[in-house]
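[1] Predicted structure and sequence below. I'll ask about it afterward.
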Amino acid sequence: MNTSDHQQAGSVQEAAPGVYLIEIPTPFAVGPVNVYLIAGEALTLVDAGPLTPEAWEALKRGIEWTGHRMEEIEQVVLTHHHVDHCGLLAKVRAVSGAQVYAHPLAVPYVEQDEAFMQFHDRFFYELYRECGVPEEKLMIIRKYHQKVLTFAEPCRIDGHLKHEQTVPRLSDWQVLYTPGHSQSHLSLYRAKDRVLIAGDHIIKRISSNAFIEPPRDQSHTRPLTLVQYRTALEMCAAKEIDLVLAGHGEPVTNHRELITQRLQRNWERTNTLRSFLREGEKTAYELTTLLFPQIFEKELPLTLSETLGHIDLLMILHQLETRRRDGAIYYSL
Ligand SMILES: [Zn+2]
Ligand SMILES: [Zn+2]
């Protein structure tokens, strides 16, 4: 996808009563990101867009369209720590003095904690070796940091949000912890008119990737992100929701149908993996090249996360055998 195709953005609309959708351009393949302004007890921004001059202008103009100014923002709630959502946080906080709220697991990413970043890199070097990723491709791990440093300024988080608590000074809105796409992922639910602001947890036209992330520290093991993601989807399917306001693209009005499709798709993909393994044992990297022959080179973290997530599902069901050879893990049926 040509990234320059996605610079067009800037529309603003009242997506639900008192909730304004502001479309912000990003330089990424995903296209524009949706930021929401909630006119509640406190003027609240949900997410902030990436750190680019175009995004900053679109955010300012969008807020003005609603009759407010950037300086009036009183608090920002972050759905998750990815740079297309958190990049402008520090600028917004500096201009407005807003309090920034996020899940505690977003903190080391958003504050760009150096020790955590080193731990993050070590985790991925080890993981990618186990996956059988060729040595010359390991530099992809450093690229992640370049992206973070380019498109996000470090920002202090003022307060933590946890599952089922009420959002401070937004008494209609409840926090739902919806991990999977990212360990820090939160959604916001307004029960009275059944609206969910879902960040990247539920997106209409693309199935969200359950990105592999390191554990919070060395004393924990790698979270099973696809399993988490499926659990968080099922939690949302059990809720009465009429309107899902997503972090990208248009709203979703049939969330149960979409969730059923996504869950079903996972099983189809595990079957595809098993068919590849009928030909003999393979590493996670080799399976990734077979599952995503067109894009694995360009999108290795994303595609490897997909493969590992589905391997995790098969491992839980005792469908795979593993064998270590030269530092890599080989899977077989
Ligand atoms: Zn994301
Ligand atoms: Zn996103």
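    All right, it came through fine. Ligands and ions are numbered 1, 2, ... in the order given.
[2] show me where the stretch 151-300 of the chain has strands.
    159-160, 166-167, 170-177, 186-190, 195-199, 243-246 (DSSP state E, counting those that start in this stretch).
[3] what packs against the last one?
    Taking 3 or more Cβ pairs under 8 Å, 6 or more residues apart in numbering; DSSP states H and E as the contact definition, the neighbouring helices and strands of strand 243-246 are strand 12-16, strand 33-39, strand 195-199. C-betas here are computed from N, CA, C, even on glycine.
[4] Check which helices and strands the last one is in contact with.
    Just to be clear, that refers to strand 195-199. So strand 195-199, by 3+ Cβ pairs under 8 Å, 6+ apart, packs with strand 186-190, strand 243-246.
[5] looking at those, which is buried most?
    The highest average neighbour count among these, using mean count of other Cβ atoms under 10 Å, belongs to strand 186-190 at a mean of 25.
[6] Return the distance of it from the chain's centre.
    For strand 186-190, the separation from the chain centroid amounts to 15 Å (computed by Cα atoms, centre = their mean, to the nearest Å).
[7] Partner strands of it, with direction?
    For strand 186-190, the paired strands and their directions (DSSP bridges) read strand 170-177 (antiparallel), strand 195-199 (antiparallel).
[8] Make a markdown table from the ones you listed and add mean pLDDT, distance to residue 43 and mean neighbour count to it.
    Output for the strands paired with strand 186-190, formatted as a markdown table (pLDDT from 0 to 100; distance: least, Cβ to Cβ, whole Å; neighbours: other Cβ atoms under 10 Å):
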| stretch | mean pLDDT | distance to residue 43 | mean neighbour count |
| --- | --- | --- | --- |
| strand 170-177 | 98 | 10 | 18 |
| strand 195-199 | 98 | 15 | 28 |
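[9] Any chance of a markdown table for the helices and strands packed on strand 243-246, columns distance to residue 306?
    Supplementary listing: the helices and strands packed on strand 243-246 in a markdown table, determined by distance: least, Cβ to Cβ, whole Å:
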| stretch | distance to residue 306 |
| --- | --- |
| strand 12-16 | 30 |
| strand 33-39 | 21 |
| strand 195-199 | 19 |
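[10] closest to ligand 1 out of these?
    strand 195-199 (7.0 Å; Cβ to the ion).
[11] Can you give me the buried ones in stretch 300-319?
    The neighbour-count criterion (16 or more other Cβ atoms under 10 Å) identifies 300-314 as the buried residues of stretch 300-319.
[12] And those residues, which is closest to ligand 1?
    residue 302 (10.7 Å).
[13] Leaving out chain neighbours, which residue sits closest to that closest one?
    Residue nearest to residue 302 in three dimensions, not counting chain neighbours: residue 209, with 5.2 Å by Cβ to Cβ, 6 or more residues apart in numbering.
[14] and if you look at residue 24?
    Nearest to residue 24 is residue 49, by Cβ to Cβ, 6+ apart, at 3.7 Å.
[15] same thing with residue 131?
    residue 284 (3.9 Å).
[16] Kindly report the same for residue 68.
    residue 43 is the one closest to residue 68 (Cβ to Cβ, 6+ apart), at 6.1 Å.
[17] residues touching the one you found, list them.
    Residue 43 sits next to 37, 68, 72-75 when contact means Cβ atoms under 8 Å, 6 or more residues apart in numbering.
[18] what do you get for residue 56?
    Counted by Cβ under 8 Å, 6+ apart, residue 56 has contacts 49, 88, 91.
[19] which one of these is nearest ligand 1?
    For the contacts of residue 56, the nearest to ligand 1 is residue 49 (12.4 Å; Cβ to the ion).
[20] tell me the phi and psi of the residue of the stretch 201-333 of the chain found nearest ligand 2?
    Residue of the stretch 201-333 of the chain nearest ligand 2, by Cβ to the ion: residue 247 (4.7 Å). Residue 247 adopts backbone torsions of phi -70, psi -20, taken as degrees, to the nearest 10.
[21] which bits of this protein sit near ligand 2?
    Residues of the chain lying close to ligand 2 by Cβ under 5 Å from the ion are 84, 200, 247.
[22] Repeat the analysis, applying 6 Å as the threshold.
    30, 33, 82, 84-85, 200, 247-248 (Cβ under 6 Å from the ion).
[23] host element of the residue in the stretch 1-150 of the chain positioned nearest to ligand 2?
    Distances between the stretch 1-150 of the chain and ligand 2 by Cβ to the ion are smallest at residue 84, namely 4.4 Å. Using DSSP states H and E, residue 84 sits within helix 83-86.
[24] Tell me how far that helix lies from the chain's centre.
    9 Å.
[25] what's the closest residue to residue 252 other than its chain neighbours in contact with, if anything?
    Excluding the flanking residues, the one nearest residue 252 by Cβ to Cβ, 6+ apart is residue 244, at 3.8 Å. Contact partners of residue 244, counting by Cβ under 8 Å, 6+ apart, are 196, 198, 202, 251-253, 255.
[26] ChimeraX command for the buried members of the residues you listed?
    Buried residues among these (16+ other Cβ under 10 Å), as a ChimeraX selection:
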select :196,198,202,251,252,255
